[in-house]
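> give the three-dimensional model of this entry:
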Amino acid sequence: MSIGRTDLNLLKVFDAVYEERNLVLAGKRLHISQSAVSHALARLRELVGDELFMRTGKGMVPTGRAAAMAPALRDSLRRIEATLGVEPFSPQQSTRRFVIAANDHLTTVIVAPLSRELQRSAPGVDLVIRPFTRLDLAEQIDLRRIDLAIGIFSQVPGRLNSRTLMSQGEAILMRKGHPASRRKLTLQDMAKFPLVTLSVGGEEEGAVGGFILERGLARQSEMFDRHALEEALLTAQKVPRARVTVPHSLAIPALLRETEMLSIVPASLAMALAKNSDLLRRQPPYQAGTSTIRAVWHRRDEHDEGHVWLREAVAAMARLAEDALG
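Numbers count the residues shown, from 1 in each chain. Modelled structure (predicted):
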């Protein structure tokens, strides 16, 4: 038998049937029909002169010849796949480590539920969360030190790919018992009560118009629509007062307790912080913009099976967070 005349795809079919012991499952794994699997097996049987698999009540049982072939053949396939960089990714068996860049808001809303899901579907996979505030975020993606960045981006360079995860508006947080808690918020309230705002980088860190631009990647620095607030209060001849600006969202509850401050935060964060706590969330008394959260990764990882799986898992958690907002 000449290897030059052998269709190596037949070996992938052998591998799938040997592992799955089922033609339907093998077909799903290879993204082909059961009929295609059967035809491939027939060709392989003719090639090696052995039945290879016997159909029984317990599935496709390998013959002695198949059992003898399997270890060396499957090891050779894994070596070829690893050499070509197309090694199959199995969440249940993988021990891969993924690095995600996200701020603490998105870590709470998306990454935390993702981590809980991994305990069930990918117990050996590890997640490392890097701060979204670092100024060399684009460079870290270029250098393979970050697999996926999650945030609000106004500009993504051509060497990177992106995917929309969710859209959301803003909400106002206050403590229970706040003077404005028993009525609908007004613009006067937004001017009267000091504000806690969230910013992961200001002008001193290169932010222009609320975005930091680095190596072609522009990411949001202020986590609220400052322009919409200022425009609304200008109409009412009022001026907002940002008493405290914080880089970490998890500091907000402590700042609001026992004070009359209000905080403007992304809607999903407001829901998370107000859940089972002494905080209340309210709609802003002005028309704030909607922000779109995206995932960004390097184009070289577009077809990496593990990376595709990670992106799908992150997107699933984002959909749940968006659905919860109603």
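> what does stretch 118-126 contact?
91-98, 127, 313 (C-beta atoms under 8 Å, 6 or more residues apart in numbering). From N, CA and C alone the C-beta is placed, and that goes for glycine too.
> apply 7 Å and report the result again.
91-98 (C-beta atoms under 7 Å, 6 or more residues apart in numbering).
> show me which of those are buried.
Buried by 16 or more other C-beta atoms under 10 Å: 91, 94, 96, 98, out of the contacts of stretch 118-126.
> dump the residue contacts of the second one.
Going back to what we said before, that points to Ser94. 122, 124-125, 306.
> what do you get for Ser33?
Gly27.
> check Gly216 too.
138, 155, 157.
> okay, the nearest residue to Lys58 once chain neighbours are set aside and Ala180: tell me how far apart.
Ranked by C-beta to C-beta, 6 or more residues apart in numbering and with sequence neighbours excluded, the top spatial neighbour of Lys58 is Arg21, at 7.6 Å. According to C-beta to C-beta, to the nearest Å, Arg21 and Ala180 sit 65 Å apart.
> neighbour count winner among the two?
Ala180 (20 against 15; other C-beta atoms under 10 Å).
> name the SS class of that one, please.
For Ala180, the assignment made with DSSP: H, G, I helix; E, B strand; the rest coil gives coil.
> could you find the closest non-adjacent residue to it?
Nearest to Ala180 is Asp189, by C-beta to C-beta, 6+ apart, at 4.8 Å.
> buried sites along the helix or strand harbouring the one you found?
Assigned by DSSP states H and E, Asp189 belongs to helix 187-192. Neighbour-count burial for helix 187-192, counted by 16+ other C-beta under 10 Å, picks out 187, 189-191.
> contacts for it, please.
180, 229, 232-233, 236, 238-240, 285-286.
> could you do stretch 139-152 as well?
Contacts for stretch 139-152 (C-beta under 7 Å, 6+ apart): 98-103, 106, 110, 130, 132, 134, 137, 160, 165, 215, 219-220, 291-293, 295-298, 301, 307, 310-311, 314.
> PyMOL command to pick out the buried ones of these?
Buried residues among those (16+ other C-beta under 10 Å), as a PyMOL selection:
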select buried, resi 98+99+100+101+102+103+106+110+130+132+137+160+165+219+220+291+293+295+296+297+298+301+307+310+311+314
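> surely Ser263 is within a strand?
Yes: assigned with three-state DSSP, Ser263 falls within a strand.
> of all pairs in the contacts of Ser94, which one is the farthest apart?
Farthest apart among the contacts of Ser94 by C-beta to C-beta are Gly124 and Gly306. That separation is 11.9 Å.
> what about these two, which has more around it?
Gly306 (19 against 13).
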